[in-house]
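Student: Got a sequence here, can you build the structure:
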Amino acid sequence: MPVRIAYIILAHRAPWQLHRLVQRLRGPGVHFVLHLDANSWGPEWDLLTNELTGPDIMWAPRVTCRWGDFSLVHATLGCLKALNNLDADFDFVTLLSGQDYPVKPRSFFSEYLASRRGQCLMFIYPFPFPHWVNGGYHRLPTWRIPLPGKPRRILPPQLLGFRHKKLPFGYHPFGGSQWWCLPGEAVQYIHEFVEAHPAFVHYFRQAMIPDEMFFHTILGNSHFKIDPGPNNITYAKWRGGPNPIVLTAADLDEITDSDYLFARKFDMNEDPELLDRIDTELIGIDPRVGSSYRGGRATSAG
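Tutor: Below you'll find the model as predicted:
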């Protein structure tokens, strides 16, 4: 039986890349919920939303997104609500960025996910998180102070001399990568949990970078089987700093040798030929197929 996949894609920039990404992933049993950052606007985006239509595509209500802010969780929850309104069953729901791109043929996707039905494919660890300063505890809410002209800031506990606020329901915190691929039942569980527990949502509205903890903590304290570690499906490369580096042709060999289904992040302004090479060398398709986009540069070959 074919794997049924719903893709949630959070897009902030580069409309032609979002168009190309959707065209690469379209197929039988595939559905999309797309979220466009309310910070992104203009004629190219208007054209894109008019072009990306069909029974397989939904556009979620737009949220103004800021890095490290609850707005990213809010946008994702809006996508989950839109997906729930479809009243359809999916084997997996995958959260992607608009700057992600598949790096394996579609046949590999099907085999990979079919052999992992029911598994939560995400980078997740219980606190103390070994990859984060202070085990990640400084990200949890403590004391908040208003600063003139700025959003409320959260002071880490080591600066205040006392501990973070306890999570609701006695939950233990979990953290990991923002991007995940989860069984449809797990996503439905998250949606129902959030609807029934506003106190949990309020707690993470006060947290630092909550998109890397919110969904992980819900599932980490649930009945779903969670294997700690980097079990995600998206390749990214870090070189210090809070964000992954933009990939170039120099990274292609490493991407090729990996077992990841996706890689991020790509910027066609920095390396306009790279996605064409991935199409040809890794996916095995002509870069011009399904990549036309009247509003901008969907592909350097198109």
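
Student: need the helices for the stretch 201-302 of the chain, in chain order.
Tutor: Using DSSP state H, counting those that start in this stretch, the helices of the stretch 201-302 of the chain run over 214-220, 252-257, 274-277.

Student: among these, which is nearest residue 136?
Tutor: Evaluated over those, closeness to residue 136 peaks at helix 214-220, with 10.3 Å, by CB to CB. Quick note: C-beta positions are derived from backbone N, CA and C, even for glycine.

Student: before we move on, the earlier item: mean pLDDT and distance to residue 65 for the helices of the stretch 201-302 of the chain - can I get that in TSV?
Tutor: Shown next, in TSV, are those (pLDDT from 0 to 100; distance: least, CB to CB, whole Å):
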stretch	mean pLDDT	distance to residue 65
helix 214-220	98	14
helix 252-257	94	27
helix 274-277	94	24
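
Student: Need the pLDDT of residue 53.
Tutor: At residue 53, the model reports a pLDDT of 91.

Student: Let me know the secondary structure of it.
Tutor: coil (DSSP: H, G, I helix; E, B strand; the rest coil).

Student: ok now do it, which residues does it touch?
Tutor: Not one residue lies near residue 53 by CB atoms under 8 Å, 6 or more residues apart in numbering.

Student: From residue 204, how far out is it?
Tutor: Going from residue 53 to residue 204 by CB to CB, to the nearest Å gives 33 Å.

Student: ditto for residue 42
Tutor: From residue 42 over to residue 204 (counting by CB to CB), the distance is 32 Å.

Student: Tell me which of the two has more neighbours.
Tutor: Just comparing residue 42 and residue 204: by other CB atoms under 10 Å the higher neighbour count belongs to residue 204, 23 against 10.

Student: The residue lying closest to that one once chain neighbours are set aside and residue 75: what is the separation?
Tutor: Leaving aside its chain neighbours, residue 204 sits nearest to residue 210 (4.3 Å; criterion: CB to CB, 6 or more residues apart in numbering). As judged by CB to CB, residue 210 and residue 75 stand 12 Å apart.

Student: of these two, who's got more company?
Tutor: residue 210 (26 against 23).

Student: I'd like to know how far that one sits from residue 277.
Tutor: On the measure of CB to CB, residue 210 and residue 277 end up 36 Å apart.

Student: and if you look at residue 92?
Tutor: 27 Å.

Student: Of these two, give the one with the bigger neighbour count.
Tutor: residue 92 (26 against 13).

Student: from what I can see that one touches residue 3, true?
Tutor: Yes. At 6.7 Å, residue 92 and residue 3 qualify as touching, with contact defined as CB atoms under 8 Å.

Student: Residues that sit against both of the two, list them.
Tutor: Common contact partners of residue 92 and residue 3 (CB under 8 Å, 6+ apart): residue 113.

Student: picking up where we left off before, let me know which of the helices of the stretch 201-302 of the chain is tucked in deepest.
Tutor: helix 214-220 (a mean of 24; mean count of other CB atoms under 10 Å).

Student: Outside of that helix itself, list whatever touches it.
Tutor: Contacts for helix 214-220 (CB under 8 Å, 6+ apart): 73, 76, 120, 122, 124, 126, 167, 171-176, 180, 182, 186, 189-190, 193-194, 200, 204, 207, 226.

Student: Buried by neighbour count, from the residues you listed: which ones?
Tutor: 73, 76, 120, 122, 124, 126, 167, 173-176, 180, 182, 186, 189-190, 194, 200, 204, 207, 226 (16 or more other CB atoms under 10 Å).

Student: Among those residues, which are located in strands?
Tutor: 122, 124, 126, 174, 175, 176, 180, 182 (DSSP state E).

Student: Return the member of those nearest to residue 37.
Tutor: Of these, the one sitting nearest to residue 37 (CB to CB) turns out to be residue 180, at 19.4 Å.
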